[in-house]
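Participant: Quick check, what structure comes out for this input:
(one chain, ligands or ions: 2)
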Amino acid sequence: MSGHLLEARGLTKRYFARVGLRREPLLAVDGVSLHVDAGETLGLVGESGCGKSTLGRALLRLEAPTAGEVFFDGRRVDRESMRSLRREMQMVFQDAGAALDPRLTLGESVAEGLDIHRLCKTRGERRERVAALMERVGLEPSWMERYPHELSGGQRQRAGIARALAVEPRFLVCDEPVSALDVSAQAQVLALLAALQAELGLSYLFIAHDLAAVRQVSRRLAVMYLGRVVETGPAEEVLRHPLHPYTRALIEAAPIPDPRRARARQTRGVRGEAPSPLRLPSGCAYALRCPWAAEACARARPELRGEGGHLAACPRAFEGS
Ligand code: ADP
Ligand code: MG
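Facilitator: Numbering: from 1, shown residues only. Ligands and ions are numbered 1, 2, ... in the order given. Presented below is the predicted three-dimensional model:
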C-alpha cells in the first residue's frame with residue numbers, strides 16, 4: 001500500500017451537460033492522480049470551472065466518480081466503505097451560508113453529524129460537545145441558539161468548520177473556504193484552519209482559484225487545468241521554479257502586495273479564454289493559450305513527468321534540461 005492518507009488514481013468524472021436539446025458529455029475531471037499525507041495540506045489551484053469542486057466531491061464520494069479509484073488510509077473508498085469513512089472525510093464549503101440550513105440554529109447544524117453517527121448518549125453530552133466545538137472555532141457557546149443570518153460571513157464559516165469537525169474527521173476538503181470573505185475574516189479563518197491542523201493532525205485538500213490564497217497554507221501544490229493536474233510538487237519548489245507555462249501564468253497573475261513591484265511588473269497572466277470542456281482539443285488543452293506551443297502539442301495530451309515529486313504535464317518544460 002502507498003502509505004498516503006488519501007490517494008486518488010485516475011479519478012474521472014463525466015457529466016452530461018444540456019446543450020440546446022441534446023446532452024453532451026462534459027469531462028469535468030479527467031484522470032486525476034494525487035495524494036495527501038497525514039497532517040499536510042495539498043493546495044489545489046486553477047481557474048473557475050476547471051473541475052476543482054467536482055474533484056473534491058468525487059474524493060469524498062458525494063458524487064460517484066465515472067472512473068478511477070480513491071483510497072483512504074489504505075482502504076478503497078466505494079459506496080459500501082463510505083458508510084464508515086464518511087466520518088473520516090468531511091467538506092468545508094465556500095458558502096457556509098448555503099451549507100448551514102437557515103431554519104436550524106447553529107447548535108442544531110453543528111450537532112447534525114453527532115446525531116447521524118449517534119456519538120452522544122444524552123442530551124447533556126450533546127450540548128457539551130456542541131459548546132466545546134463552538135468554542136474551539138472561536139464562537140461563543142451561547143450562540144448555539146442563534147440562526148445563520150444573525151452571523152457575519154466569517155462567523156458562519158467558523159460554524160461550517162465546527163459542523164465538519166463534529167464527527168472528528170482526519171481529512172477535510174476545504175473548497176474555497178475564504179473566497180467569499182473580506183480580507184480580515186480571510187486571515188482569521190486561515191489561522192483557525194492552521195491551528196486546528198496543528199492541534200488535531202488534520203489533513204486538508206485546500207481548494208482556491210488563485211495562488212495567493214493557497215500558497216501560504218500549502219505544503220504541496222497541485223495546479224489544475226481543464227480537468228487535469230498539469231503540475232504538482234512541493235509548494236516552494238513549484239512557486240520558485242514553475243515548470244508548466246500555465247503555472248507560470250498563474251504566478252504572474254497573482255497579486256503582489258508591494259504596489260511598486262506590482263506596477264513595475266509586466267502583467268500578462270493567463271492569455272485568452274479556456275476552451276470549452278465540451279470540446280476539448282485532442283492534444284494539450286493549454287496549447288491554444290500557450291506561448292510555448294509547438295506543432296507536437298496539438299497531437300497528444302502530455303502526461304505528468306519530472307523528478308523529486310515535482311511533476312509537470314508539458315514536454316516543452318523539460319527541453320534542454
Ligand atoms: P471549479 O470548482 O473548478 O470552478 P467545477 O468542478 O464546479 O469547477 O466544474 C467543472 C466543470 O463541470 C464546469 O464546466 C461545470 O460547468 C461542470 N459541472 C459541474 N457540475 C456539473 C453538473 N452537476 N452537471 C453538469 N456539469 C457540471
Ligand atoms: Mg468550485
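Participant: residues in the stretch 201-321 of the chain within reach of ligand 1, list them.
Facilitator: Pro277 (CB under 6 Å from any ligand atom). In this view, the C-beta of every residue, glycine as well, is placed from N, C-alpha and C.
Participant: mind redoing it with 8 Å?
Facilitator: By the rule CB under 8 Å from any ligand atom, the part of the stretch 201-321 of the chain lying against ligand 1 is Ile207, His209, Met224, Gly227, Ser276, Pro277.
Participant: Select, from these, the two members most distant in space.
Facilitator: Greatest spatial distance among these (CB to CB): Ile207 and Ser276, at 21.7 Å.
Participant: These two: who's more crowded?
Facilitator: For the pair Ile207 and Ser276, the greater number of neighbours falls to Ile207 (26 against 13), based on other CB atoms under 10 Å.
Participant: what about that one, which SS state?
Facilitator: Local secondary structure at Ile207 is given as strand here, using DSSP: H, G, I helix; E, B strand; the rest coil.
Participant: what sits against it?
Facilitator: Shown here is Ile207, whose contacts under the criterion CB atoms under 8 Å, 6 or more residues apart in numbering are Gly43, Leu44, Val45, Lys52, Ser53, Gly56, Val173, Cys174, Asp175, Glu176.
Participant: Before we move on, what's the pLDDT of it?
Facilitator: Looking at Ile207, its pLDDT is 97.
Participant: Who does it form a beta bridge with?
Facilitator: With DSSP bridges as the criterion, the beta-bridge partners of Ile207 are Leu44, Asp175.
Participant: Would you check how far apart it and Arg76 are?
Facilitator: Spatial separation of Ile207 from Arg76 under the definition CB to CB, to the nearest Å is 23 Å.
Participant: Leu42 touches Leu205, doesn't it?
Facilitator: Yes. Between Leu42 and Leu205 a contact is recorded at 5.4 Å, counting by CB atoms under 8 Å.
Participant: List the residues that are in contact with both of the two.
Facilitator: Common contact partners of Leu42 and Leu205 (CB under 8 Å, 6+ apart): Val36.
Participant: Which one of those two is surrounded by more residues?
Facilitator: The residue with more neighbours, out of Leu42 and Leu205, is Leu205; 26 against 22, by other CB under 10 Å.
Participant: What's the separation between that one and Gln197?
Facilitator: With the distance defined as CB to CB, Leu205 ends up 12 Å from Gln197.
Participant: Find residues that contact each of those two.
Facilitator: By the contact definition CB under 8 Å, 6+ apart, Leu205 and Gln197 are jointly contacted by Thr41.
Participant: what about Gly43, how many residues close to it?
Facilitator: Applying the criterion other CB under 10 Å, we find 25 residues in the vicinity of Gly43.
Participant: Settle this for me: it is touching Phe206, isn't it.
Facilitator: Yes. In terms of CB under 8 Å, Gly43 counts as a neighbour of Phe206; the distance is 5.0 Å.
Participant: shared neighbours, the two?
Facilitator: Each of Val214, Val217, Ser218 lies in contact with both Gly43 and Phe206 under the rule CB under 8 Å, 6+ apart.
Participant: Please spell out the ChimeraX selection for the buried subset of those.
Facilitator: The buried residues among those can be selected in ChimeraX (16 or more other CB atoms under 10 Å) with this line:
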select :214,217,218
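Participant: Tell me which of the shared contacts of Gly43 and Phe206 fall in helices.
Facilitator: With helices identified by DSSP state H, the entries of the shared contacts of Gly43 and Phe206 that belong to them are Val214.
Participant: So which of the shared contacts of Gly43 and Phe206 is the closest to Ala166?
Facilitator: Val217 (22.4 Å).
Participant: Which parts of the stretch 151-300 of the chain are strands?
Facilitator: 171-175, 203-208, 220-225, 228-234 (DSSP state E, counting those that start in this stretch).
Participant: Dump those strands into TSV; add distance to Val137 as well.
Facilitator: What follows is the strands of the stretch 151-300 of the chain, written out as TSV (distance: least, CB to CB, whole Å):
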stretch	distance to Val137
strand 171-175	13
strand 203-208	15
strand 220-225	25
strand 228-234	29
